[in-house]
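Asker: Have a look at this prediction, sequence included:
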Amino acid sequence: MNLKELAAQLSLSKATVSRALAGHSDISVQTRERVRKAAEEAGYTPAATALKLRSGKTGAFGIVLPQGRTPFEHPFHSELIGGMAERVAESGLDLIVTVPPPQGDEVTAIRRLVEGRRVDGIVITRTRLADERVDYLLERRFPFITFGRTPFSDRHPWLDMDGHSAALAATRRLIGFGHRRIAHFGASSLFMYASHRRTGFHKGMIEAGLPLDPALELVAELDDEFAVEAIASLLSANPDVTALLCDSDAIAMNALQAVRRLGKRPGSDISVAGYGGMPLAAQTEPPLTTSGLRIHAAGRRLVEMLMRHLDGAPQDELQELWLPQLLARQSDGPASTSG
């Protein structure tokens, strides 16, 4: 079956069927799904080369993962890419996932995608206060969307999780339990998300009239093998600390281990709260209080917003801030009165 025959079968124009198969947002979701199912049942697949020649597009989106020893070690990227891949497949598109080589950098990897005309748009994650990736894409006026805000958020599409509000809610919860000495373990201030979560923690402490103690705020990277020792050392030096607020579930799991290493009970002697909603967080001992981020759904939404961006949607319709859901479990609770 060819495009003309498929269009006749559906009583639609060839242009409508073509645009529906390409996932264009000016075609309703119902029509796109109807065309997709009919094409699938008929075994019709549009020739990729023909689509590219007609539209001037590659039919692919790209994502360049941040540098690291094991980019997929943390489930964040696995969930995100899973959502993206699912959504591009529904629209008959492709997803190109790139990891910079050990001696390379993300900008070079992005440049290869852009200048090689391998993708129509790019997704950027883990945005930074000074981000050369964003600078390059803005300069080239190449379509992209960031998962996270940037200093230039008014100039490009973005989807972000409200880390400030999530950290504020977690801080208020701990203070409500009677905790007054709360330690904070955050990511590097180079990252935008870390800055947002830190300001949320600070606001919660200040509004409760509690002092901010720099000695109780440490930087702990996700893959820091020394995090357990660092957290245990802080607790040993500050025995009046009764709660730990962590910028990620990975850090919080290290905190649970550090508390137990000191012979104390997480959730009873010292409260621990994480961030991220990792599936494993529900299986820790005790189950970890955290904030769920809906990463898979975010991956799907990033693709949808990028498609709309390519179709010319207004910028202010392509900027979304999602509020994480507090998942209250047993790793935090009333401050211990036993000292």
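Answerer: Thanks, I have the structure now. This structure is a prediction, so every number in the text was calculated from the model and none was measured. Numbering: from 1, shown residues only.
Asker: ok, how many other residues are close to residue 26?
Answerer: 11 (other Cβ atoms under 10 Å). C-betas here are computed from N, CA, C, even on glycine.
Asker: Leaving out chain neighbours, which residue sits closest to it?
Answerer: Spatial nearest neighbour of residue 26, chain neighbours left out: residue 311 (6.4 Å); criterion: Cβ to Cβ, 6 or more residues apart in numbering.
Asker: How much space separates that neighbour from residue 101?
Answerer: 34 Å (Cβ to Cβ, to the nearest Å).
Asker: go on, residue 85?
Answerer: Distance of residue 85 to residue 101, given as Cβ to Cβ: 23 Å.
Asker: of those two, who's got more company?
Answerer: More crowded of residue 85 and residue 101, by other Cβ under 10 Å: residue 85, with 19 against 10.
Asker: Look at the more buried one and give its secondary structure.
Answerer: Under DSSP: H, G, I helix; E, B strand; the rest coil, residue 85 falls in the helix class.
Asker: before we move on, what about residue 334?
Answerer: coil.
Asker: where in the stretch 101-250 of the chain is pLDDT low?
Answerer: Residue ranges of the stretch 101-250 of the chain with pLDDT under 70: 221-225.
Asker: Correct me if wrong: residue 220 contacts residue 229.
Answerer: No: with contact defined as Cβ atoms under 8 Å, residue 220 does not reach residue 229; the gap is 10.7 Å.
Asker: more crowded one of these two?
Answerer: The neighbour comparison of residue 220 against residue 229 (other Cβ under 10 Å) goes to residue 220, with 24 against 13.
Asker: Tell me how far the more buried one lies from residue 194.
Answerer: Applying Cβ to Cβ, the value for residue 220 to residue 194 is 11 Å.
Asker: Name the residues contacting each of the two.
Answerer: 186-187, 247 (Cβ atoms under 8 Å, 6 or more residues apart in numbering).
Asker: Make JSON lines out of those and add neighbour count, secondary structure and distance to residue 319.
Answerer: Formatted as JSON lines, the shared contacts of residue 220 and residue 194 follow (neighbours: other Cβ atoms under 10 Å; DSSP: H, G, I helix; E, B strand; the rest coil; distance: Cβ to Cβ, whole Å):
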{"residue": "186", "neighbour count": "24", "secondary structure": "strand", "distance to residue 319": "25"}
{"residue": "187", "neighbour count": "21", "secondary structure": "coil", "distance to residue 319": "23"}
{"residue": "247", "neighbour count": "27", "secondary structure": "coil", "distance to residue 319": "23"}
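Asker: Would you mind putting the residues you listed into a markdown table with distance to residue 125 alongside?
Answerer: As requested, the shared contacts of residue 220 and residue 194 are exported to a markdown table (distance: Cβ to Cβ, whole Å):
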| residue | distance to residue 125 |
| --- | --- |
| 186 | 18 |
| 187 | 13 |
| 247 | 16 |
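Asker: Closest one of these to residue 170?
Answerer: Minimum distance to residue 170 across these is 10.3 Å, recorded for residue 247 (Cβ to Cβ).
Asker: correct me, but that closest one touches residue 188?
Answerer: No: when contacts are counted by Cβ under 8 Å, residue 247 is not listed as touching residue 188 (10.0 Å).
Asker: anything in contact with each of these two?
Answerer: Going by Cβ under 8 Å, 6+ apart, residues that sit against residue 247 and also against residue 188 are residue 194.
Asker: okay but residue 252 is in contact with residue 271, surely?
Answerer: No: the criterion here is Cβ under 8 Å, and residue 252 misses it with residue 271 at 10.7 Å.
Asker: what do these two both touch?
Answerer: With Cβ under 8 Å, 6+ apart, residue 252 and residue 271 have common neighbours 244, 331.
Asker: Alpha carbons of stretch 128-147, in CSV - could you do that?
Answerer: Output in CSV follows, covering the C-alpha atoms of stretch 128-147 (Å, rounded to 0.1, in the frame of the first residue of the first chain):
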residue,chain,number,x,y,z
ARG,A,128,24.1,24.9,34.6
LEU,A,129,24.5,28.5,35.7
ALA,A,130,27.1,29.0,32.9
ASP,A,131,26.1,26.6,30.1
GLU,A,132,28.2,26.5,26.9
ARG,A,133,25.7,24.1,25.4
VAL,A,134,22.9,26.6,25.6
ASP,A,135,25.1,29.4,24.4
TYR,A,136,26.1,27.5,21.3
LEU,A,137,22.5,26.5,20.4
LEU,A,138,21.2,30.0,20.9
GLU,A,139,24.0,31.4,18.8
ARG,A,140,23.2,28.9,16.0
ARG,A,141,19.4,29.4,16.5
PHE,A,142,19.0,25.7,16.4
PRO,A,143,15.8,24.2,17.9
PHE,A,144,16.3,22.8,21.4
ILE,A,145,14.6,22.4,24.8
THR,A,146,16.1,22.1,28.2
PHE,A,147,15.1,19.9,31.1
